[in-house]
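> I'll drop the sequence and a predicted model, then ask my questions.
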Amino acid sequence: MQGREQWATRVGFMLAAVGSAVGLGNIWRFPYIAGEYGGATFLIVYLVCILIIGLPTMIAEFSIGKRGQLDAVGSFSKTAPAKPWVIGGWLGVITSFLIVSFYAVITGWVLYYMFSYLTGSIQQVETGGVEDYFGGVVGDAIIPVIWQLIVMAIIVGILYFGVQKGIELSSKIFMPLLAVILLVLAGYGLTLDGAGEGMSFLFVPDWSALGDPSLYLAAIGQAFFTLSLGMGIMVTYGGYLSKQTGNRLPGTATSIVLLDTLFAILVAVVIFTAVFTIGADADQGPTLIFVVLPEVFNQMAAGGTFFAVFFFFLVFIAGLTSAISLAEVSISFAIRQVKLTRKKAVLIVGGLITLLGIPSALSQGGPLSDFTIAGLPFLDFVDVLTDSYFLPIGGLIVVLFVGWGWKSKAALEEADFKSQAFAKIWLFLIRFVAPLMIIIILLANLFGIEA
Ligand code: PHE
Ligand code: NA
């Protein structure tokens, strides 16, 4: 048996984790949630959550993988033999598998939009008609499946090449490319007529919004989702760390968190400068990027198509690298548990993910839209199940395991803090603050409080 794969460089590892973190959560979810909760006010609460919950939890996940040197299930069980903590690993595999099945469907819509701009078909939709256009695309019996298959084929193709030549290399190309596109778009956004209004919406807080409890729930939930926490990804990626690439984890994790946040904010600049330029509403919810933005692009006097093609290409790459990290959790698991070669594992797991995604692809107005579970279309059901329940439970197990299941000496050794003070703060956050916040979220989800 060959030695296990590992990251080639620390930067490569960091960029791969950024690739996972920066995704539809930054581009599609963050702006609309920020929009619903008053822009700048949400941003402030969100930043606090990232700092006191997100960052410490990410360091905890990396530490588990680094210690175990295996996939999510293997790393949990190796570091805590014969203890129930391994459930955290299993839950990670299940959650990431479920999420990637519909994540690939949404990434497929995005790719379809990009091509529709290139062929000029969205530009011909008359003003106010994009909502119907979107409904037609996602509700079609064939289009969503075809584009889901294309996206899955690309994911499988990249993962086939392994950790260094697949995940790490593609991240080294894609992440800088994303940064350039985003900077160009943000620069362009700032020249638009709505720039001033968009920027003040985003950066001038309305303190009264702080009284709304659901704002805090939304901020914590977004912190987990955006950093890809609670689903075994960072444990799996931590499992490919060596002594060299895995030293000073807190520094690496801080860079990842900062870059993810910077991406989210810049994307919000792009979106809100554009939205205010045509005077559209900022609080439109999930259809912001598929309906509102295309209306904006269509009404731009100049540059609309340019803006649109680059924007959807950006979303596509961001979605792709996140989907890769999600799929890798199951692949890494299958390689060890079922003793498959990487190539076989990639093909088999990729095939299974694709199959599970098909009912999601057909559920948004398509042939399977009447097939509901708990009153929800298939895609929505899988989304809510993972997002509201599996994810926080997975995160809870991680922080409890590292905070309480390990001796603090072991935890601190893996995390490798250079400063004693930060090490103490970290332990305090993962022992008390993070578990408490996560439990609050879970209870809120269970009792149906709207986030
Ligand atoms: N972190 C990704 C984002 O912000 C989303 C994601 C969630 C990726 C879950 C992987 C797993 O879009
Ligand atoms: Na993110």
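Thanks, I have it. Ligands and ions are numbered 1, 2, ... in the order given.

> may I see the buried residues of the helix or strand containing Leu347?
Using DSSP states H and E, Leu347 sits within helix 342-361. For helix 342-361, burial by neighbour count (16 or more other Cβ atoms under 10 Å) applies to 342, 345-347, 349-350, 353-354, 356-361. (C-beta placed from N, C-alpha, C; glycine too.)

> again, but for stretch 203-223
Those would be Pro205, Ala209, Leu210, Leu215, Tyr216, Leu217, Ala218, Ala219, Ile220, Gly221, Gln222, Ala223, for stretch 203-223 by 16+ other Cβ under 10 Å.

> and for stretch 46-64?
Buried, per 16+ other Cβ under 10 Å, within stretch 46-64: 46, 49-50, 52-64.

> can the buried residues of helix 342-361 go into TSV with extra columns for distance to Lys409?
Shown next, in TSV, are these (distance: Cβ to Cβ, whole Å):
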residue	distance to Lys409
Arg342	35
Ala345	35
Val346	38
Leu347	42
Val349	37
Gly350	41
Ile353	39
Thr354	44
Leu356	42
Gly357	44
Ile358	48
Pro359	48
Ser360	45
Ala361	49
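
> nearest to ligand 1 among these?
If you rank those by distance to ligand 1 using Cβ to the nearest ligand atom, Ile353 comes first, at 13.0 Å.

> OK, contacts around the closest one?
Phe97, Val100, Ser101, Ala104, Met152, Ala327, Ser330 (Cβ atoms under 8 Å, 6 or more residues apart in numbering).

> give me the pLDDT value at the first one.
For Phe97, the pLDDT comes out at 98.

> also the second one?
At Val100, the model reports a pLDDT of 97.

> who's in contact with the residue nearest to it when sequence neighbours are not counted?
The shortest distance from Val100 to any non-neighbouring residue, by Cβ to Cβ, 6 or more residues apart in numbering, is to Leu326 (3.7 Å). Leu326 sits next to Ser20, Ser96, Phe97, Ile99, Val100, Tyr103, Ser228, Met231, Ile233 when contact means Cβ under 8 Å, 6+ apart.

> nearest to Ile440 among these?
Met231 (19.7 Å; Cβ to Cβ).

> so the closest one, which of the three states?
coil (DSSP: H, G, I helix; E, B strand; the rest coil).

> pretty sure it contacts Leu391?
Yes. Assessed by Cβ atoms under 8 Å, Met231 is found in contact with Leu391 at 6.2 Å.

> what packs against the helix or strand of the chain with the lowest mean pLDDT?
One helix or strand of the chain scores below all others by mean pLDDT, DSSP states H and E: helix 30-36, with a mean of 84. Helices and strands touching helix 30-36, by 3 or more Cβ pairs under 8 Å, 6 or more residues apart in numbering; DSSP states H and E, are helix 40-49, helix 213-226, helix 249-277.

> ok, which of these comes nearest ligand 2?
helix 213-226 (3.4 Å; Cβ to the ion).

> check whether that closest one comes near ligand 1.
Yes. With Cβ under 6 Å from any ligand atom as the measure, helix 213-226 is seen reaching ligand 1 through Phe225, Thr226.

> by how many degrees do that helix and helix 40-49 diverge?
60 degrees (axes from the mean of the first three to the mean of the last three Cα atoms, to 10 degrees).

> how about the strands in the chain?
372-373, 376-377 (DSSP state E).
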